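1. I'll drop the sequence and a predicted model, then ask my questions.
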Amino acid sequence: MEYITLANGINMPLEGFGVFLVPDPAACKQAVLDAIKAGYRLIDTAAIYGNERAVGEAVKEAVDAGLVKREDLFITTKLWVADFSYEGAKKAFAASMERLGLEYLDLYLLHQAYGDIYGAWRAMEELYEAGKIRSIGVSNFFPWKLTEFAELVKVKPMVNQVELHPFFTQYGAIETMKTYGCVPQAWGPLAEGKHGIFTHPVLSEIGAKYGKTAAQIALKWNVQRGVCILPKSVHADQIAQNFDIWDFNMTDEEMRQIDALDLGHSEIIDHYDPNIVKFILGSKVSD
Ligand SMILES: NC(=O)c1ccc[n+]([C@@H]2O[C@H](COP(=O)([O-])OP(=O)(O)OC[C@H]3O[C@@H](n4cnc5c(N)ncnc54)[C@H](OP(=O)(O)O)[C@@H]3O)[C@@H](O)[C@H]2O)c1
């Protein structure tokens, strides 16, 4: 596995493990333990996922058992929109840390680009400067919003976690991120299973050459273009398979074949849809 250096000099694993839609505490804890055993060192959760406690329990168990040292893990969580204000962010951060059972956090993200992002960010900047958080970033910030934000804030976001997979390549958005030294991180790197990704003929054919699955090819394509990935699975065999991508490299021509699958838009979520905006603004974190 490889690492990427963030704008402040800290190293972040290029591959991490995501736990979106794993609400059952036992299943989440087991999946995180399976991921750490398979070699993952970055775990990506969020206050709104409702599983920070289970992630924290798995981290504690893995560290106590000597599987890994805390300093070798990179834990990310995200501040939810309902808590976007200076005071709200301070309180929500304390609540996340209590649920995770951690002394410090590796990466804290503004989960969405709506609401009082500036008030929340001032609190995050303070927590970062106080050493409670090692890096801060954003998620779902489209190019115009990232530009506005990065031009106006004191500490520029070090990571932007957005939807990135072979059917939504977002090369333009990645260029904007690079302008600000912001590292692209892919959510939904397996397109959440859409577009027949696991049996896609282009991905499967390239995979056959390297003895890899279509899923592994999709993941490696993002890594090979410098994008961090956060695949999610609750099956130990798939968790291990998704991490087994570090022993081959595709040719430029194969990379171009995968680039050509781009549809130019998301078929998972439309952040411009007023109903989605209202839904996100109305959702609350439960303890
Ligand atoms: N910032 C944001 O707004 C945002 C939004 C979405 C996600 N995320 C983060 O990104 C992470 C990943 O995204 P995601 O969970 O939405 O989707 P994903 O990782 O693209 O896809 C997950 C789906 O693929 C299946 N799968 C995984 N590996 C497989 C394999 N090797 N073969 C066949 N099926 C496989 C999983 O099934 P099983 O679980 O049954 O194995 C699950 O249904 C999340 O967990 C979360 O941490 C962030």
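-> Looks like it arrived, so ask away.
2. over to the residue in the chain positioned nearest to the ligand: give its phi and psi.
-> Of all residues in the chain, the one sitting closest to the ligand is residue 18 (2.4 Å; C-beta to the nearest ligand atom). The C-beta positions use only the backbone N, C-alpha and C, and glycine is treated the same way. Main-chain torsions, residue 18, degrees, to the nearest 10: phi -100, psi 150.
3. beta partners for it?
-> residue 44 (DSSP bridges).
4. tell me, how many residues neighbour it?
-> 27 (other C-beta atoms under 10 Å).
5. contacting residues for it?
-> 44, 187, 230-232 (C-beta atoms under 8 Å, 6 or more residues apart in numbering).
6. show me which of those neighbour the ligand.
-> Restricting the contacts of residue 18 to those within reach of the ligand (C-beta under 6 Å from any ligand atom) leaves 44, 187, 230-232.
7. give me the pLDDT value at the residue nearest to residue 154 when sequence neighbours are not counted.
-> Spatial nearest neighbour of residue 154, chain neighbours left out: residue 125 (5.9 Å); criterion: C-beta to C-beta, 6 or more residues apart in numbering. Residue 125 carries a pLDDT value of 98.
8. spit out the contact partners of residue 125.
-> 136, 153-155 are the contacts of residue 125 under C-beta under 8 Å, 6+ apart.
9. for the ligand, what are the nearby residues on the stretch 101-250 of the chain?
-> So far as C-beta under 6 Å from any ligand atom goes, the stretch 101-250 of the chain lies against the ligand at 111, 139-140, 161, 187-193, 198, 215, 230-235, 238, 241-242.
10. which ones among the contacts of residue 18 map onto strands?
-> Those of the contacts of residue 18 mapping onto strands are 44, 187, per DSSP state E.
11. so residue 174 touches residue 184, yeah?
-> Yes: when contacts are counted by C-beta atoms under 8 Å, residue 174 is listed as touching residue 184 (4.9 Å).
12. and for those two, which residues touch both?
-> 164, 226-227.
13. please convert those to JSON lines, extending it with secondary structure, pLDDT and distance to residue 78.
-> JSON lines is the format used below for the shared contacts of residue 174 and residue 184 (DSSP: H, G, I helix; E, B strand; the rest coil; pLDDT from 0 to 100; distance: C-beta to C-beta, whole Å):
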{"residue": "164", "secondary structure": "coil", "pLDDT": "98", "distance to residue 78": "17"}
{"residue": "226", "secondary structure": "coil", "pLDDT": "96", "distance to residue 78": "22"}
{"residue": "227", "secondary structure": "coil", "pLDDT": "98", "distance to residue 78": "18"}
